[in-house]
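Q: when you get a sec, could you give me coordinates for this:
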Amino acid sequence: DIALIKIKPNENLPVAEIGDSDKLRVGDWVMAIGNPFGLEQTVTAGIVSAKGRVIGAGPYDNFIQTDASINPGNSGGPLINVRGEVIGINTAMVPSGQGIGFAIPVNMAKKLIPQLAKGKVERSYMGVLLQRLTPDLARSLGLKEAKGALVAEVQPGSPAEKAGVEVGDVIVTFGGKRVDSSSDLPWMVATAGVGSKVSLEYLRKGEKKTLDVTLEALPQEGIAQAPKPDKEAATSKIDGFGISVTDATGEGNRPARGVEVINVTRSGAAYPIGCPHL
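A: Residues are numbered from 1 along each chain as shown. Prediction:
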């Protein structure tokens, strides 16, 4: 989560310059600043180990991985390049590993700040369920390479359905930007802007096609809603996973087994296990 705080200083304060995280390259030197374990103003140095990391933190995973030491207490601190520009926000680390930390690219925050200033973040959506395009799937679809985002489902009445997107389409560009995998597309769609008309380039049965889709506002409720259970039925919320379940009902003469998932939220750990909704 990112918070925007307004202050009225009594004197001029030094301001950190904001850089361009898109210009980062793997191997670039960076520094992390924070208060790990309460040790104030700790500076650690390292390099950019990878870009675009997906760590299961949510639908918009796109982290900078660095070996600059990040520990509990660093969260929210800046990741800085050699010119002293902030290019990331320190966010997470792998407790069982060494030198595996993650930062939110500052360009992602840049897109949210104008909306935060208004008090509300509104994301656009297209209305599709994506599936990762594996080499085997690519071959079965007659594609030369496993690049793009495979459409596994199109939501009824969604902008995608209205535009003519179909199950099995492989989206390869969005608004002129290349889509290499299903993880590339969620952030592109979310930040394109409600009401914007975006050109899609996609492959259908091996043939390249284009269409325009007009994006709408992402509904604020949970991403998946099943019919509400009977009042008599016990409903449980599983914290951390972000799901609510109830007793399963059997079909016909078959006994009920397991539980039925009745709600899934975007912030829970269960969301990234499935395919991303856009």
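Q: list the buried ones in stretch 44-64?
A: By neighbour count on 16 or more other Cβ atoms under 10 Å, the buried set for stretch 44-64 is 44, 46, 48-49, 51, 53, 57-64. (C-beta placed from N, C-alpha, C; glycine too.)
Q: start and end of stretch 72-92, how far apart?
A: With Cα to Cα, to the nearest Å as the measure, the first residue of stretch 72-92 is 8 Å from its last.
Q: tabulate the buried residues of stretch 44-64 (TSV), appending pLDDT.
A: Shown next, in TSV, are the buried residues of stretch 44-64 (pLDDT from 0 to 100):
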residue	pLDDT
44	94
46	96
48	96
49	96
51	92
53	86
57	74
58	73
59	74
60	78
61	80
62	85
63	92
64	94
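Q: which ones among those map onto strands?
A: When these are checked against strands (DSSP state E), the matches are 44, 46, 48, 49, 51, 53, 63, 64.
Q: so which of those is the closest to residue 115?
A: The shortest separation between residue 115 and any of those is 21.0 Å, and it belongs to residue 63 (by Cβ to Cβ).
Q: show me what residue 34 is bridged to.
A: residue 42 (DSSP bridges).
Q: could you check the pLDDT of it?
A: Looking at residue 34, its pLDDT stands at 90.
Q: grab the longest helix from this structure for me.
A: If you go by DSSP state H, the chain has its longest helix at helix 106-117.
Q: surely residue 15 is in a helix?
A: No. When classified by DSSP: H, G, I helix; E, B strand; the rest coil, residue 15 is found to be coil rather than part of a helix.
Q: so what pLDDT did it get?
A: The model's pLDDT for residue 15 equals 89.
Q: tell me, how many residues neighbour it?
A: Counted with other Cβ atoms under 10 Å, residues neighbouring residue 15 total 6.
Q: my guess is residue 30 contacts residue 43. True?
A: No. At 11.0 Å, residue 30 and residue 43 do not qualify as touching, with contact defined as Cβ atoms under 8 Å.
Q: more neighbours, the two?
A: Per other Cβ under 10 Å, whichever of residue 30 and residue 43 has more neighbours is residue 30, with 23 against 12.
Q: so how far is residue 65 from that one?
A: Going from residue 30 to residue 65 by Cβ to Cβ, to the nearest Å gives 11 Å.
Q: intersection of neighbour lists for these two?
A: With contacts taken as Cβ atoms under 8 Å, 6 or more residues apart in numbering, residue 30 and residue 65 have residue 48 as neighbours in common.
Q: for residue 78, list the residues it contacts.
A: In this structure, residue 78 makes contact with 16, 32, 33, 86, 88, 89, 90, judged by Cβ under 8 Å, 6+ apart.
Q: per-residue pLDDT, it?
A: Looking at residue 78, its pLDDT stands at 94.
Q: just to revisit the earlier point, for the buried residues of stretch 44-64, give me a markdown table that also has distance to residue 244.
A: What follows is the buried residues of stretch 44-64, written out as a markdown table (distance: Cβ to Cβ, whole Å):
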| residue | distance to residue 244 |
| --- | --- |
| 44 | 40 |
| 46 | 41 |
| 48 | 39 |
| 49 | 37 |
| 51 | 35 |
| 53 | 29 |
| 57 | 21 |
| 58 | 18 |
| 59 | 19 |
| 60 | 23 |
| 61 | 23 |
| 62 | 28 |
| 63 | 28 |
| 64 | 33 |
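Q: show me the two of those residues that sit farthest apart.
A: Checking these against each other with Cβ to Cβ, the farthest-apart pair comes out as 44 and 59, at 29.5 Å.
Q: give me the phi and psi angles of the residue nearest in space to the middle of the chain.
A: The residue lying closest to the centre of the chain (Cα atoms, centre = their mean) is residue 60, at 0.7 Å. Dihedral angles of residue 60 (phi, psi; degrees, to the nearest 10) stand at phi -110, psi 30.
Q: residues contacting the nearest residue to it once chain neighbours are set aside?
A: In this structure, residue 60 finds its nearest non-sequential neighbour in residue 187, 4.8 Å apart by Cβ to Cβ, 6 or more residues apart in numbering. Residue 187 makes contact with 60, 62, 108, according to Cβ under 8 Å, 6+ apart.
Q: do the same with residue 92
A: When contacts are taken as Cβ under 8 Å, 6+ apart, residue 92 is in contact with 55, 57, 63, 70, 75, 101, 102.
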